[in-house]
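1. I'll drop the sequence and a predicted model, then ask my questions.
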Amino acid sequence: MTNWRHFLPSPGFLLTALTCVGVAIFFAWASRTPPLEDAWRIHLELQGGRVAPLSRGEFSALQKALWRYPEIADNFLEGGECGLLSANADGFVEAGFAYLLRIDHERGHESIFVESADPQLEGELRVTVRTTTSRYRGSARRGERFVATLAESNTLPQLIEVVAWRAGKKKKKRAAPIRVGFIGGDER
């Protein structure tokens, strides 16, 4: 009859194995990108004229960083109460999507406008406005604005995504240049 104690690992082996697992977990945790670094990277990409809208994960990461560190919102807006984070020229955005940020929810910055910046636009411009808690959809035509009144979420900085495309018979969305800004506030 064999002794079952000969098949159990020794306490030294168990301690070594647990130490290796602990070290692996520590290195996995330490290799993650810090939230502030992600926020600054995304902000620089947006200012540089990013070519694709943020993924859900990037949008969520940026919003969480703004909530956790509200001071960076002041830095992003250079002391303003609201403004565009995306590359723009007086509110004109060529990429067909834009990211806005508002800090002060009580000074008349509850609505945003989106209008076509394409003088040859025929038909409709489809617009989607997204925050972490809401989504608004609508359309605008040449000479008309789409206006979205944003829900009051809290007193923390709020990230807003605007995506616009030309309505057409094809299923492919074609980006449209837009002019976007806040109504009653800084239209930067």
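-> Great, that's in hand. Numbering: from 1, shown residues only.
2. show me the contacts for the residue positioned nearest the centre of the chain.
-> Among the residues of the chain, the one closest to the centroid is residue 59, at 2.9 Å (C-alpha atoms, centre = their mean). Contacts for residue 59 (C-beta atoms under 8 Å, 6 or more residues apart in numbering) come out as 130, 132, 159, 161. Every C-beta, even on glycine, is put in place using the N, C-alpha and C of the backbone.
3. Just say helix, strand or coil for the closest residue to the first one other than its chain neighbours.
-> With sequence-adjacent residues excluded and distances taken as C-beta to C-beta, 6 or more residues apart in numbering, residue 130 is closest to residue 161, at 4.5 Å. When states are read from DSSP: H, G, I helix; E, B strand; the rest coil, the local structure at residue 161 comes out as strand.
4. quick one, what contacts the closest residue to residue 122 other than its chain neighbours?
-> Spatial nearest neighbour of residue 122, excluding adjacent residues (C-beta to C-beta, 6+ apart): residue 142 at 7.9 Å. Going by C-beta under 8 Å, 6+ apart, residue 142 touches 116, 118, 119, 121, 122.
5. Strands - which of those land there?
-> Judged by DSSP state E, strands contain the following of those: residue 116.
6. Just the buried residues of the contacts of residue 142.
-> If you count burial by 16 or more other C-beta atoms under 10 Å, the buried members of the contacts of residue 142 come out as 116, 121.
7. Identify the residues contacting the lowest-mean-pLDDT helix or strand in the chain?
-> Every helix and strand of the chain was ranked by mean pLDDT, DSSP states H and E. The lowest is strand 174-175, at a mean of 77. Strand 174-175 is contacted from outside by 95, 96, 97, 164, 165, 166, 168, using C-beta under 8 Å, 6+ apart.
8. The third one and residue 31: what is the separation?
-> Which is residue 97. The gap separating residue 97 from residue 31 is 31 Å, by C-beta to C-beta, to the nearest Å.
9. quick one: which of the two has more around it?
-> residue 97 (22 against 7; other C-beta atoms under 10 Å).
10. Check the gap between that one and residue 50 for me.
-> For residue 97 relative to residue 50 (C-beta to C-beta), the value is 8 Å.
11. Mutual contacts of those two, please.
-> residue 86.
12. average pLDDT across the longest helix along the chain?
-> Criterion DSSP state H: the longest helix present in the chain is helix 11-30. Per-residue pLDDT values over helix 11-30 give a mean of 93.
13. which residues sit in contact with the residue nearest to residue 130?
-> For residue 161, the contacting residues are 53, 54, 59, 97, 98, 99, 128, 129, 130, 131, by C-beta under 8 Å, 6+ apart.
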